[in-house]
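**Student:** Show me how the following folds:
(chains A and B)
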There are 2 protein chains.
Amino acid sequence: MQSPARQPPRVIIIGAGFGGLEAAKKLACRDVRLTIIDRTNYHLFQPLLYQVATAALSPADIAAPIRGILSKCRNVDVVLAEVESVEVETRKVKTNDRVFDYDYLIIATGARHSYFGHDEWEKLAPGLKSLEDAVELRRRILLAFEFAERTNDDAERQAAMTFVVIGGGPTGVEMAGAIAEISRYTLAKDFRHIDPSKARVILIEGAPRLLAAYPPDLSESARKQLVELGVDVRTDARVTDITESGVRYDSEFIPCRVKIWAAGNTASFVGKTLIAPVDRVGRVIVNDDLTIPGHPEVQVIGDLANFSHQTGEPLPGVSPVAMQQGRHAARNILRMIRGEKPTPFRYFDKGSMATIGRNKAVADLKVFHLSGLPAWLTWLFVHIIFLVGFRNRVLVLLQWAWAYLTFDKGARLITRNFQSEHRPPA
Amino acid sequence: MQSPARQPPRVIIIGAGFGGLEAAKKLACRDVRLTIIDRTNYHLFQPLLYQVATAALSPADIAAPIRGILSKCRNVDVVLAEVESVEVETRKVKTNDRVFDYDYLIIATGARHSYFGHDEWEKLAPGLKSLEDAVELRRRILLAFEFAERTNDDAERQAAMTFVVIGGGPTGVEMAGAIAEISRYTLAKDFRHIDPSKARVILIEGAPRLLAAYPPDLSESARKQLVELGVDVRTDARVTDITESGVRYDSEFIPCRVKIWAAGNTASFVGKTLIAPVDRVGRVIVNDDLTIPGHPEVQVIGDLANFSHQTGEPLPGVSPVAMQQGRHAARNILRMIRGEKPTPFRYFDKGSMATIGRNKAVADLKVFHLSGLPAWLTWLFVHIIFLVGFRNRVLVLLQWAWAYLTFDKGARLITRNFQSEHRPPA
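**Tutor:** Numbering: from 1, shown residues only, chains lettered A, B, ... in the order given. Here you go, the predicted model:
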């Protein structure tokens, strides 16, 4: 592959999540012209998003401006824009306001929620993918307690103090545990007419066990730890309807004000604009070197990719997969520029972890399994280490230490919509 | 004044700003039934709002949940609601969803922006009163640089890199200084196609000098310090029009994308629902003990009150006035409950301060004036001391230390509206 007239080749990375950012770091300060296109101006540390949703952290604690991360390398151009399509034949990326040409392309636009054809559920039961989602969920959870505090209607109060989390994967488990914790500890003393520790948190999972991707003993441990926190765990339960007033699953209707969706993902629409095969959830089926058929200059990584060459199954949509693929894609581009052949990708699985609450977590470290405090400490350590930006790490650690010692969570702010919903008459 | 059947008297405080919160602290854990009504669930430390607008701090750093501040006292009831009117004859406070009876009432609903009859300017040139305002201004400022980075049109780029602040009081001076600082230091290395340090910041003030409430030597010092930062200060300049594309003042038109309003205040509408005299900007003209004529059980404090008994002029709309009035109002209520006469209020003026930037500020400490580094250190010390909540104090101090040493500001996030404006096509 030859780039025009002595200029270094143009590499575009779409998406600055875990995969895109790792690729960008590998290509920054190298002899390429690198453009990173993202629709936000920050890299988001998604594993801690549930902590923003439950008022333990602030948005800026878990997000770092992309420009800032890469500002030292002059070959990096960061573009805030929404990608509309990729034309692989002409090697063009179209955004809302411009068209970019590339010699090499890495697509890392990830996934968003899927409501299994019930798009009308999205407003009723928001998911947790973006900072906006997290702030909106925080607002709904805190407003539900405020509403319960002032209503005189018993049924309404009960519904306001019932929180239903749909989906028993890592996000669902974390959200259910965190809501149970803030109601039992953080908010317990704040109200006069209700007892927040009486809040019901119900976790609904369609499969027979929580954390289906984990070994069964850890699923069982997660369930036990959630029950200890007071969470009502219901497995083998399929949600059939969501309305303003509650959630119906199988034959039961649960009246509740706040519903949280943690059940399904669908790959970003960008995958469908390529001329490449996609799977049932929209992931691009990639070659063993992460490229798409017929286009060695285009690589797809992370949650957008279906990579089944290693186990016969697609790799899971977790950050270590995305990060390793991002580094691999960047290395393959540097290889191709040097005229070498790209190498196949192999995922090195170091294990996975889900946190449930204070001193509560599960960790599958392949050679052994951890539960409870040891798992939680491991989780804490790994998440602090990988949090981008020294400043964020110190701030987050300090806030966790404070929250751990006092059970106080400082970010209990209800921002935006309350005011706009209730404008003063004059 | 006798309350029903042996129950302690009911005291309502409307508004948990500086005045309302001080009154609440004095009445918490005393023998009254205290209800605090606010339309947000947090107390906002307004003097640092400009730091949120300029990406140095996060909303949660300068806001503390009201329930949390007062949770130790069982006699305190916190209500999240929007007050619609006060009926002093029947002693009722009407909110959007309930009616409250009181024996004693403190009204501390403050002020909001006034656009001098040009309400259409509000959307074009937002002010800085709430967390939502601050996040919106941060978004506009950061998006302007993003726009300048990607446009190919010279005139558009210039307009995007021109920031006009209207009003040369403390808020205007702080905003102009802070925008100049982030463009010269924080953002300087982040962009490839523009040089953020070339951004123009123009501060427009109608009066002959900045900080009209300060002694003339400090006004002059503030002007000099702003000019050192590169701010273009224009006094004796009256804004006559604001449009999408710029600001017109006297005969000149300045093309600019971001305009910030720091010029006028008008008192909260709640004052007008009382049967009491109000001044030109809607402030309630109070008796010398902060009560309203004919109603010793109703006190009005802070920015909503026009208290002219001390100097013949209304006291300024600053937090020390509100805080001293809040404490005084609470003490007078306790006096009345004991059957004693309320005492007149007297403001003890310890001076005032405005910050301009790193090592730059002015302080009028009455016995002497400070400028530059000593004023800035005084400002820093006072603002850390008064910031509510130990956790916030430590976090804010740590972030300031970090920003001071590195010129890095961590909260450079563009949240919300960019995404909703540019939805992907599928």
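**Student:** which SSE is residue A:240 in?
**Tutor:** strand A:239-243 (DSSP states H and E).
**Student:** In three-state terms, label residue A:331 for me.
**Tutor:** helix (DSSP: H, G, I helix; E, B strand; the rest coil).
**Student:** just the one 4 residues further on next, same as before
**Tutor:** Using three-state DSSP, the structure places residue A:335 in helix.
**Student:** Okay, it and residue A:328: tell me how far apart.
**Tutor:** 10 Å (CB to CB, to the nearest Å). Glycine gets a C-beta too; all of them are placed from N, C-alpha and C.
**Student:** Kindly report the same for residue A:411.
**Tutor:** For residue A:411, the distance to residue A:328 - CB to CB - is 37 Å.
**Student:** Show me what from the stretch 101-250 of chain A comes close to chain B.
**Tutor:** A:130-132, A:135, A:142-143, A:146, A:149-150, A:189-193 (CB under 8 Å from any CB of the partner chain).
**Student:** quick one on the thing from earlier: and residue A:335 and residue A:328? which has more neighbours close in?
**Tutor:** A side-by-side neighbour count of residue A:335 and residue A:328, using other CB atoms under 10 Å in any protein chain shown, places residue A:328 first with 24 against 14.
**Student:** any idea whether the more buried one is helix, strand or coil?
**Tutor:** With three-state DSSP as the criterion, residue A:328 reads helix.
**Student:** my read: it touches residue A:345, true?
**Tutor:** Yes - counting by CB atoms under 8 Å, residue A:328 touches residue A:345, with 4.8 Å between them.
**Student:** any shared contact partners between the two?
**Tutor:** residue A:290 (CB atoms under 8 Å, 6 or more residues apart in numbering or on different chains).
**Student:** quick check: mean pLDDT across the host helix or strand of residue A:43?
**Tutor:** Following DSSP H and E, one finds residue A:43 within strand A:42-44. The average pLDDT within strand A:42-44 is 94.
**Student:** That strand: what's the following helix or strand?
**Tutor:** Next element after strand A:42-44 (DSSP H and E): helix A:49-53.
**Student:** Tell me which residues are up against that following helix.
**Tutor:** A:57-59, A:61-62, A:128-131, A:133-135, A:137-138, A:141, A:171, A:174-175, A:178, A:411.
**Student:** let's see it at 6 Å
**Tutor:** With contact meaning CB atoms under 6 Å, 6 or more residues apart in numbering or on different chains, helix A:49-53 is reached by A:57, A:59, A:128, A:134, A:137, A:138, A:174, A:175, A:178.
**Student:** Equivalent analysis for stretch A:328-338, please.
**Tutor:** A:9, A:23, A:26, A:27, A:104, A:106, A:290, A:299, A:301, A:342, A:345.
**Student:** Kindly report the same for stretch A:257-266.
**Tutor:** A:111, A:114, A:116, A:124-125, A:127, A:140-141, A:144, A:159-160, A:163-167, A:171-172, A:175, A:242, A:247, A:281-282.
**Student:** Mind checking which of these land in strands?
**Tutor:** Applying DSSP state E to the contacts of stretch A:257-266, the entries found in strands are A:111, A:163, A:164, A:165, A:166, A:242, A:247.
**Student:** So what's the residue count around the last one?
**Tutor:** This points to residue A:247. Residue A:247 is flanked by 24 other residues according to other CB under 10 Å.
**Student:** cool, residue A:304 as well?
**Tutor:** Count around residue A:304 with other CB under 10 Å applied: 28.
**Student:** Strand A:162-166 and the strand holding residue A:240, what's the angle between them?
**Tutor:** Strand A:239-243 runs at 130 degrees relative to strand A:162-166, counting by axes from the mean of the first three to the mean of the last three CA atoms, to 10 degrees.
**Student:** hmm, back to that, kindly supply the PyMOL command isolating those of the contacts of stretch A:257-266 that are buried.
**Tutor:** With 16 or more other CB atoms under 10 Å in any protein chain shown as the criterion, this PyMOL line picks the buried residues out of the contacts of stretch A:257-266:
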select buried, chain A and resi 111+114+124+125+127+140+141+144+159+160+163+164+165+166+167+171+172+175+242+247+281+282
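**Student:** okay, which residue is most central for chain A?
**Tutor:** In chain A, the residue lying closest to the centroid (CA atoms, centre = their mean) is residue A:46, at 4.2 Å.
**Student:** what about that one, distance to chain B?
**Tutor:** Residue A:46 sits at a distance of 15 Å from chain B (criterion: CB to the nearest CB, to the nearest Å).
**Student:** Pull the contacting residues for the residue of the stretch 101-250 of chain A at minimum distance from chain B.
**Tutor:** Nearest residue of the stretch 101-250 of chain A to chain B (CB to the nearest CB) works out as residue A:190 at 3.8 Å. By CB under 6 Å, 6+ apart, the contact set of residue A:190 is B:67, B:71.
**Student:** Where does it sit: helix, strand or coil?
**Tutor:** coil.
**Student:** Quick one, grab the pLDDT at it.
**Tutor:** 90.
**Student:** Against residue A:317, how distant is the residue nearest to the centre of chain A?
**Tutor:** Distance from residue A:46 to residue A:317, by CB to CB: 11 Å.
**Student:** For residue A:155, which three-state class applies?
**Tutor:** Residue A:155 ends up helix, using three-state DSSP.
**Student:** And the pLDDT at it?
**Tutor:** So residue A:155 comes in at 96 (pLDDT).
**Student:** In the sheet, which residues pair with the closest residue to it other than its chain neighbours? Tell me.
**Tutor:** Leaving out its chain neighbours, the residue that sits closest to residue A:155 by CB to CB, 6 or more residues apart in numbering or on different chains is residue A:255, at 6.9 Å. Residue A:255 forms beta bridges with residue A:246, as assigned by DSSP bridges.
**Student:** what sits against residue A:255?
**Tutor:** By CB under 6 Å, 6+ apart, the neighbours of residue A:255 are A:159, A:245, A:246.
**Student:** nearest to residue A:369, of those residues?
**Tutor:** Nearest to residue A:369 among these, counting by CB to CB, is residue A:246 at 36.3 Å.
**Student:** what about the closest residue to chain B within the stretch 251-400 of chain A, neighbour count?
**Tutor:** Scanning the stretch 251-400 of chain A for the residue nearest chain B gives residue A:269, at 3.8 Å (criterion: CB to the nearest CB). The number of residues packed around residue A:269, counting by other CB under 10 Å, is 17.
**Student:** Let me know the distance separating it from residue A:263.
**Tutor:** The value you get for residue A:269 to residue A:263, if CB to CB is used, is 20 Å.
**Student:** Then residue A:119?
**Tutor:** From residue A:119 to residue A:263 the distance is 14 Å (CB to CB).
**Student:** ok, these two, which is more surrounded?
**Tutor:** A count of neighbours by other CB under 10 Å puts residue A:263 above the other of residue A:119 and residue A:263, at 23 against 10.
**Student:** what helix or strand does that one sit in?
**Tutor:** Assigned by DSSP H and E, residue A:263 belongs to no helix or strand.
**Student:** got it, and residue A:325?
**Tutor:** helix A:319-337.
**Student:** what are the ranges of the helices in chain A?
**Tutor:** Here chain A has its helices, by DSSP state H, at A:18-27, A:49-53, A:66-70, A:121-124, A:131-150, A:154-160, A:170-181, A:216-228, A:319-337, A:372-386, A:390-406, A:417-421.
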